[in-house]
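Peer 1: My questions are about this predicted structure, shown below with the sequence.
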Number of protein chains: 4
Amino acid sequence: MGANSFGQRFVMTTFGESHGPALGVVIDGCPAGVPFDEALLRSELARRRPGTLTGRGESITSARAESDEPEILSGVYQGMTLGTPIAMLVRNQDARSLDYQQIAQTPRIGHADDVWKSKFGHADPRGGGRSSGRETVARVMAGAVAQMLLGKLCPGLSVCGFARQIGPLALSDQELGTLEHEPLTAHQIDAFAARFPSERLSKEVTELLVSAKQEGRSFGGLIELWIDGAAQNWGQPVFHKLKADLAQAMLSVGATSSVELGDGVEVASAEGSSFHSQRERPLRYGGIRGGISTGERIVLRVACKPTASVLHVAKAGRHDPCIVPRAIPVLESMAYVVLADHALWQRTDRL
Amino acid sequence: MGANSFGQRFVMTTFGESHGPALGVVIDGCPAGVPFDEALLRSELARRRPGTLTGRGESITSARAESDEPEILSGVYQGMTLGTPIAMLVRNQDARSLDYQQIAQTPRIGHADDVWKSKFGHADPRGGGRSSGRETVARVMAGAVAQMLLGKLCPGLSVCGFARQIGPLALSDQELGTLEHEPLTAHQIDAFAARFPSERLSKEVTELLVSAKQEGRSFGGLIELWIDGAAQNWGQPVFHKLKADLAQAMLSVGATSSVELGDGVEVASAEGSSFHSQRERPLRYGGIRGGISTGERIVLRVACKPTASVLHVAKAGRHDPCIVPRAIPVLESMAYVVLADHALWQRTDRL
Amino acid sequence: MGANSFGQRFVMTTFGESHGPALGVVIDGCPAGVPFDEALLRSELARRRPGTLTGRGESITSARAESDEPEILSGVYQGMTLGTPIAMLVRNQDARSLDYQQIAQTPRIGHADDVWKSKFGHADPRGGGRSSGRETVARVMAGAVAQMLLGKLCPGLSVCGFARQIGPLALSDQELGTLEHEPLTAHQIDAFAARFPSERLSKEVTELLVSAKQEGRSFGGLIELWIDGAAQNWGQPVFHKLKADLAQAMLSVGATSSVELGDGVEVASAEGSSFHSQRERPLRYGGIRGGISTGERIVLRVACKPTASVLHVAKAGRHDPCIVPRAIPVLESMAYVVLADHALWQRTDRL
Amino acid sequence: MGANSFGQRFVMTTFGESHGPALGVVIDGCPAGVPFDEALLRSELARRRPGTLTGRGESITSARAESDEPEILSGVYQGMTLGTPIAMLVRNQDARSLDYQQIAQTPRIGHADDVWKSKFGHADPRGGGRSSGRETVARVMAGAVAQMLLGKLCPGLSVCGFARQIGPLALSDQELGTLEHEPLTAHQIDAFAARFPSERLSKEVTELLVSAKQEGRSFGGLIELWIDGAAQNWGQPVFHKLKADLAQAMLSVGATSSVELGDGVEVASAEGSSFHSQRERPLRYGGIRGGISTGERIVLRVACKPTASVLHVAKAGRHDPCIVPRAIPVLESMAYVVLADHALWQRTDRL
């Protein structure tokens, strides 16, 4: 399998450079007969798109103006998937090669410009080429199709990510507790500034990011994903445990530096008889045991490094002071792809 | 690719149930001409094997007595690899089916007995079958071969893991700082109780685990891996970033619940201009940028859940009060396999 | 790997329906630094395109008018490959859905309309959807890139196909003998009617096909491929013998019904001491021994069934009375892809 | 996927050298719950094993004495598959390294000794190492498991091969016609000398092969495979057409030089309206259209080159004067593996 493919049954292959003609994806392995929901595709692309993410109208994300209009090239006929490869692309419209000319000479700190150049010898310096975060637009397209498929295979499944921490600001235990009892939908999360579901800190997070953007600063953050309604029995033993594939998926996204399942790093200090008997805290396992989904909520947490771009092109103002809000739909998309893959894979577990 | 295979160029396929006839691995993709170091194979197996891991002679690991004598079935001739598949196995000698008969009726809490049964319909209840930690013996065999290959492809490369935390006991910042300046070898780490490189807490960790074993308690822990001497340019863009493949490798091991690269979860609260300019802390990126190795030390941390087995079969005394000491060679092996895979993969990056 | 991908190192994934928006391919695994020869890409597409293939100006191929203008979407920058996926597509311009409306009701004999419908439940009836020969346009694009790569990896390599038989007309032994001693280039073959390199039968083959087209008849044929200048040592033992991968490649093309290597079916009646000692006939092995290229000429023969389309839509006149002339560049392209794949694969055979 | 693996859903990975400790296979992807028929496994191994294949008691195959006792190492519990990898091996007992010592110096004509040496630099000269026909014992083990699986997925399916030609001796049209109307089972075919189902030529074929063996001569031959009872809808579009995967499978076996489907090479001279309308000859398409099984009989023909070994080691008498009789169970096994693969693959074609 190629380096730019992901999945074993529901396989996506992505392509495209940040300032090349287009970015796209080919999905091979989506069964025939899935209603193709073009509105969902567009709304997921819109959720990833740079733009205003505050209640006050200021932009706290990159100002790169891309309409991300998807073209569906194959695999769909009369509104239903054909079982053949689904190819989709978005054109790059806002390709400003000039902004990046100097990168060819001076690699940006914290970016991959120099390592890609070192690796391949010949690299596209414009916007980081394929090492740009813009690459994730293809993942979101694939995630939307995975979501359509899962809508039929496992109705009621939902993946919902939110910002648990933005630099110095974190959800309180009380806020998390409330969320646990009354989970929000992705749509509801979208209504919060920076997808940080705190009424309490809404103003602070906005101010933090608006001023960071103006001042050329940036922040890391922590994303939590909740997968509800997943079926039992997804995941393959040993190397393709559901947690392993999810971990690969999450850490395949730029800027991420950790992935946790359930209690995550906290388990290091746990004592067993207490840990395993806490019946009131089923989420400590993260919904996966023996590598296989149990039907409980799957809980993932992913840390993101502070954006490095702001340091370099603050004037152009085309980068995000914190990648978390925009990374959320990307991680959700990756989770959908992993789940779709395993939902299909599971079909050959038994006679 | 099958669910029990791992790697794209250096591919291992493992097989075996805990109390079946044998566990083994087939390695497909190891180039011809690698000197086969059978002593290394045996010593790595010995490092994983249950047994005394304290200076005082008490056992703090499972008492299952397995000699883990490796048989090399193919792929090696006159002490050198042939470029053909290398098949290796170890026989199960201590198969006590009786101990586990009741499991078929009563799944063990915290184990995968019930989920595997649910998934496959028909499962081997003896010792957890293939969901047993014994499965990892095959990974260690593959890791040893990967290490042999890397010894030729990248002399000087080393992977060294150590316990950073065992339940309530953690290395101090000072101890970590000393380690950073004077790294220990895997051999030196092995001399510490529980592979926890602290003179200060040596006695405490031994007492903790010996008493835990006697009392049927268990502890989680945190493993840190340092990869020194890795070449630049390993890792494939997008989905097979080196960090992504390492994350999958680590979380494919049972009992693990998180993986961190470099500063890991701490980056969530970082501010960018500070984070990216800390020239004195090159390890914060973890030795990987843009998904590709930079030639710096690669730093990984993996949390392990407390063992669940102690709760159930304490009498039999065949399980580990903390999986960390024995998991270290397993995680090291997985890292070697990932690195060997990418060292070969990198050969087709350029003309 | 998905069903629409081919290759293990040089991996192509194709997509597209005959009358959908576009057909295309993503190539994953082409190393960085290959000069991208867009003229070659266009000329190979032109060689596959329907059109006049006689010296007299009559068309002996389908009259479907497609300009097959390639768009290169990614993976190429400043005329060189980047080591990232190369995505290319051609738009469908001559989509006449009406011609095919009735197919949805009445599947065409000898076509795959009914089997695809049976398989997927939901199929695109327009021009056979993805079962159409138009799908091969993506293979030709991939083959052109493989050819560019091999131009650097193995200068002097050439793949040249020709018609050995068109229905009742076959090259004579004398004509074949002349060819063997003075091989023609693909360019020279293109100058013959139906790519049938016989001065003697040039007029006959043209008349046969022109009249067949007018009368709604069709013919099978036999294509021979010569691969000259291939390096030694290509091919992987056991399942990916070079002959096995070439066989899969050839029989993955519609209308083909056999593939032969070297003496092919004739070996059935051969006696060993004679066969193996014929030093004057090195081609009897077909340039591959033990599954691995020997550096000698590789000789393949592929039989094609008579086109079925002529029976159904003769009036529309959009189909080929014999698929051989147009299948030749497709089979050449598949051969180039297999060779590029193995040229890269071979890089990890040895330390 | 590694070079020694075959299949996409039902994946076999084989290992072993001719005179190494063992040959074996790991099957990854066989669903749980398949009754494991060890008797079938043994009988299929026996069918491939060298030995007497004439009614008169003379041996017409290699005299290498191997009991081929299979060991099942994993994946089976209480007589049923577990859904985990099924590892099986046979030990090499008759390893006569001395016979082959000289090969290291003098490669054998018609063998792969020299090309493997050239490819890998370091090769096992004993009996050709992994290029030996003995490698096929692993395929037969995998084929037996595929057959067990298909016995549940597609009851009534059978693969039956027979010799259609042995050097100068061929079945007559009348004999073929009789077979077509009253197909024989594999068991019935086994009763014929050389698996050549002709009462008429039984004596001739025995005499031909017995004298060839004594005189150090050898013959090519033609094998025909009939697959009856295959389900509709097997095969994946484009690159994994059922015919393409079968072709790869057949030509992955040593000594083969062609594969034909249905009318095979004869279609080259066919005229379309006649070919496609011959309702009385449904087998001309070979049971596959558009790359997908139609439910009709699948007909394959494979040519085998004359054995080269007889030329070199006639004294030792350890080789076959014609490989056809022993290749038949190997090709049947490969067909079973391909069919099992596609039977599982087809499960994700549709919602």
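Peer 2: Sure thing, it's come through.
Peer 1: So is the helix or strand containing residue A:119 next to chain C?
Peer 2: When elements are defined using DSSP states H and E, residue A:119 is found to belong to helix A:113-120. Yes: Helix A:113-120 reaches chain C (CB under 8 Å from any CB of the partner chain) through A:119, A:120. To be clear about C-beta, it is placed using only N, CA and C from the backbone, and glycine gets the same treatment.
Peer 1: Excluding chain neighbours, give the residue nearest to residue A:137 in space.
Peer 2: residue A:23 (5.2 Å; CB to CB, 6 or more residues apart in numbering or on different chains).
Peer 1: swap that for residue A:196, sorry
Peer 2: The spatial neighbour of residue A:196 that comes closest, neighbours along the chain excluded (CB to CB, 6+ apart), is residue A:163 at 4.0 Å.
Peer 1: Neighbours of the closest residue to chain D within the stretch 251-351 of chain A, how many?
Peer 2: Distances between the stretch 251-351 of chain A and chain D by CB to the nearest CB are smallest at residue A:351, namely 4.1 Å. The local packing of residue A:351 (other CB atoms under 10 Å in any protein chain shown) involves 17 other residues.
Peer 1: Could you verify that the residue nearest to residue A:196 is part of a strand?
Peer 2: Yes: assessed with DSSP: H, G, I helix; E, B strand; the rest coil, residue A:163 lies in a strand.
Peer 1: so what's it up against?
Peer 2: Shown in contact with residue A:163 (CB atoms under 8 Å, 6 or more residues apart in numbering or on different chains): A:194, A:195, A:196, A:197, A:205, A:221, A:222, A:223, A:324, A:325, A:328.
Peer 1: again, but for residue A:76
Peer 2: Residue A:76 makes contacts with A:36, A:82, A:86, as judged by CB under 8 Å, 6+ apart.
Peer 1: And for residue A:24?
Peer 2: Neighbour list for residue A:24: A:14, A:15, A:16, A:87, A:88, A:89, A:90, A:138, A:141, C:73, C:74, C:87 [criterion: CB under 8 Å, 6+ apart].
Peer 1: As TSV, those residues with secondary structure would be great.
Peer 2: Putting these into TSV (three-state DSSP) gives the following:
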residue	secondary structure
A:14	strand
A:15	strand
A:16	strand
A:87	strand
A:88	strand
A:89	strand
A:90	strand
A:138	helix
A:141	helix
C:73	coil
C:74	coil
C:87	strand
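Peer 1: Just give me the neighbour total for the closest residue to chain B within the stretch 201-350 of chain A.
Peer 2: Residue of the stretch 201-350 of chain A nearest chain B, by CB to the nearest CB: residue A:290 (2.2 Å). As a burial measure, residue A:290 scores 25 neighbours (other CB under 10 Å).
Peer 1: Pretty sure it sits against residue B:112.
Peer 2: Yes: between residue A:290 and residue B:112 there is a contact at 2.2 Å, judged by CB atoms under 8 Å.
Peer 1: shared neighbours of the two, which are they?
Peer 2: Common neighbours of residue A:290 and residue B:112, using CB under 8 Å, 6+ apart, are B:131, B:254.
Peer 1: Show me the helices in the stretch 201-350 of chain A, by range?
Peer 2: A:202-215, A:242-251, A:272-277, A:324-345 (DSSP state H, counting those that start in this stretch).
Peer 1: Can you add distance to chain D and give those helices back as CSV?
Peer 2: CSV is the format used below for those (distance: least, CB to the nearest CB, whole Å):
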stretch, distance to chain D
helix A:202-215, 42
helix A:242-251, 16
helix A:272-277, 25
helix A:324-345, 5
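Peer 1: Comparing those helices, which comes out most buried?
Peer 2: Mean neighbour count, computed with mean count of other CB atoms under 10 Å in any protein chain shown, is highest for helix A:242-251 among these, reaching a mean of 29.
Peer 1: Tell me the helices and strands packed up against it.
Peer 2: Packing partners of helix A:242-251 (3 or more CB pairs under 8 Å, 6 or more residues apart in numbering or on different chains; DSSP states H and E): strand A:256-261, strand A:298-304, helix A:324-345, helix B:242-251, strand B:256-261.
Peer 1: low-confidence ranges in chain A?
Peer 2: By pLDDT under 70, the low-scoring segments of chain A are A:52-57, A:62-65, A:94-107, A:278-280, A:309-318.
Peer 1: quick one on the thing from earlier: just the contacts of residue A:24 that are near chain B?
Peer 2: For chain B, the contacts drawn from the contacts of residue A:24 by CB under 8 Å from any CB are residue A:14.
Peer 1: can you give me how far stretch A:180-197 is from the chain middle?
Peer 2: 16 Å (CA atoms, centre = their mean, to the nearest Å).
Peer 1: quick one: the strands in chain A?
Peer 2: A:5-6, A:11-16, A:22-28, A:70-72, A:76-77, A:80-81, A:86-91, A:158-166, A:169-170, A:221-228, A:256-261, A:288-289, A:292-293, A:298-304 (DSSP state E).
Peer 1: so the third one versus helix A:324-345, what angle?
Peer 2: The reference is to strand A:22-28. Orientation check (axes from the mean of the first three to the mean of the last three CA atoms, to 10 degrees): strand A:22-28 against helix A:324-345 gives 20 degrees.
Peer 1: could I have strand A:22-28 exported to CSV, CA atoms only?
Peer 2: What follows is strand A:22-28, C-alpha atoms only, in CSV (Å, rounded to 0.1, in the frame of the first residue of the first chain):
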residue,chain,number,x,y,z
ALA,A,22,-5.9,20.8,-6.3
LEU,A,23,-6.1,18.6,-3.2
GLY,A,24,-8.2,15.4,-3.3
VAL,A,25,-8.9,11.9,-2.2
VAL,A,26,-9.9,8.6,-3.8
ILE,A,27,-11.9,6.3,-1.5
ASP,A,28,-11.6,2.7,-2.5
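Peer 1: Residue A:231 - how many residues pack around it?
Peer 2: Applying other CB under 10 Å, we find 17 residues neighbouring residue A:231.
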